[in-house]
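S.K.: sequence unknown, structure follows:
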């Protein structure tokens, strides 16, 4: 049976719960590897400082030796403030999917980590946007290989956000003219399909849907091309593709909450990652709240476990159209 993602807890989450109960944590760190592209490592070319890509690179291990801090370093800083012990590594390549990492970085990635977070191309497949087949195949292959190195490894997938450039400007995009929320929902559906297809993948981290919540809640502007509304923030970088410091901060918060099991709001407005990125306390608290709300929404209502068991753990509402040659889905 495929257990609902919210009911699957890694050893890291259990340790976090023990810490909250006042018991001592073991001395050894939980090893965690981030695999991804610029949606994991940060800033596009030409971005203005402060740079997420160069954030505290000395606190993490870049397995490619490119001196990147990125979202993994934001996550590391958050765990330090929470009193947790994570040994954080990353392996990233711009513009790539998990097929690239499997075919070119296999020996770098496939080692006995405790946790591995996999993030693929922003459209699921660069050549066939919206089609999750490549993601499903290569996330499964990597998860199987990682399980061979450590039978207790916790492999999770990081589902990314809607690209404003593909929604508002690129007329050949399958999301052109859609709601800004649609692409993130379709990407999530693809990652859910990959999760369901592999017994060795434990969860999907809902970063794109946390972005959707920040937009729907009015904190983040929905369309960067028509100007940013008064009192609002822009989650996208100037290219309307990558994240801004706000967008990557929200990504890190969502990952932090999912991996550790702690409420992102526990960090508070005075935590230093937001300060380092130039995010004011009120905005930091608001973003923490949206990350927390999305993570809480992942928990099934009482009585839904039986439904998950009956349906094999996969519940999709089929979209009205096909995306990239395959049926899309929304949850």
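M.R.: Cool, got the structure. Keep in mind it's a predicted model, so treat the numbers as computed, not measured. Residues are numbered from 1 along each chain as shown.

S.K.: and residue 146, what is it in contact with?
M.R.: 109, 110, 113, 116, 153, 155, 200 (Cβ atoms under 8 Å, 6 or more residues apart in numbering). Using the backbone N, CA and C atoms, a C-beta is placed for each residue, glycine as well.

S.K.: switch the cut-off to 6 Å
M.R.: Each residue near residue 146 by Cβ atoms under 6 Å, 6 or more residues apart in numbering is listed here: 116, 153, 155.

S.K.: could I get the pLDDT score of the closest residue to it other than its chain neighbours?
M.R.: Closest residue in space to residue 146, ignoring its immediate chain neighbours: residue 153 at 4.9 Å, by Cβ to Cβ, 6 or more residues apart in numbering. We have a pLDDT of 98 for residue 153.

S.K.: burial count for residue 153?
M.R.: 23 (other Cβ atoms under 10 Å).

S.K.: do the same with residue 241
M.R.: Using other Cβ under 10 Å as the criterion, the residues surrounding residue 241 number 17.

S.K.: can you check residue 116 too?
M.R.: Neighbour number of residue 116 under other Cβ under 10 Å is 27.

S.K.: could you give the bridge partners of it?
M.R.: residue 33, residue 155 (DSSP bridges).

S.K.: isn't it up against residue 156?
M.R.: No. Residue 116 is beyond contact range of residue 156, at 7.5 Å (criterion: Cβ atoms under 6 Å).

S.K.: in which helix or strand would I find the residue nearest the centre of the chain?
M.R.: Of all residues in the chain, the one closest to the mean position by Cα atoms, centre = their mean is residue 158, 3.4 Å from it. Assigned by DSSP states H and E, residue 158 belongs to strand 154-159.

S.K.: against which helices or strands is that strand packed?
M.R.: Counting by 3 or more Cβ pairs under 6 Å, 6 or more residues apart in numbering; DSSP states H and E, the packing neighbours recorded for strand 154-159 are strand 115-118, helix 182-197, strand 203-206.

S.K.: next, the angle from the next helix or strand after the first one to helix 182-197.
M.R.: Right, the one you point to is strand 115-118. Following strand 115-118 in sequence order, the next helix or strand is helix 133-149 (DSSP H and E). Between helix 133-149 and helix 182-197, the angle comes out at 40 degrees (axes from the mean of the first three to the mean of the last three Cα atoms, to 10 degrees).

S.K.: going forward, the N-terminal residue is numbered 174.
M.R.: OK, 174 is where the count begins now, so the last one is helix 306-322.

S.K.: and helix 306-322, what's buried?
M.R.: 306-316, 318-320 (16 or more other Cβ atoms under 10 Å).

S.K.: just stretch 251-262 next, same as before
M.R.: Buried, per 16+ other Cβ under 10 Å, within stretch 251-262: 251, 252, 254, 255, 257, 259, 261, 262.

S.K.: could you tell me the end-to-end distance of that stretch?
M.R.: 15 Å (Cα to Cα, to the nearest Å).

S.K.: now it: average pLDDT?
M.R.: Here the average pLDDT along stretch 251-262 is 98.

S.K.: just the terminal-to-terminal distance for stretch 281-294.
M.R.: OK, stretch 281-294 end separation, Cα to Cα: 19 Å.

S.K.: and it, what's buried?
M.R.: Here stretch 281-294 shows 282, 283, 284, 286, 287, 288, 289, 290, 291, 292, 293, 294 as buried, counting by 16+ other Cβ under 10 Å.

S.K.: who touches it?
M.R.: So stretch 281-294 is contacted by 203-209, 212-213, 236, 264, 270-271, 308, 312, 318-319, 322-323, 327-331 (Cβ under 6 Å, 6+ apart).

S.K.: for residue 232, the count of nearby residues, please.
M.R.: Counted with other Cβ under 10 Å, residue 232 comes out at 15.

S.K.: leaving out sequence neighbours, find the closest residue to it.
M.R.: Closest to residue 232 by Cβ to Cβ, 6+ apart is residue 249, at 5.0 Å.

S.K.: ok, the buried residues of stretch 281-294 vs residue 380, which is closest?
M.R.: residue 292 (8.5 Å; Cβ to Cβ).

S.K.: and the closest one, how far from residue 424?
M.R.: Distance from residue 292 to residue 424, counting by Cβ to Cβ, to the nearest Å: 9 Å.

S.K.: nice, that's everything, thank you.
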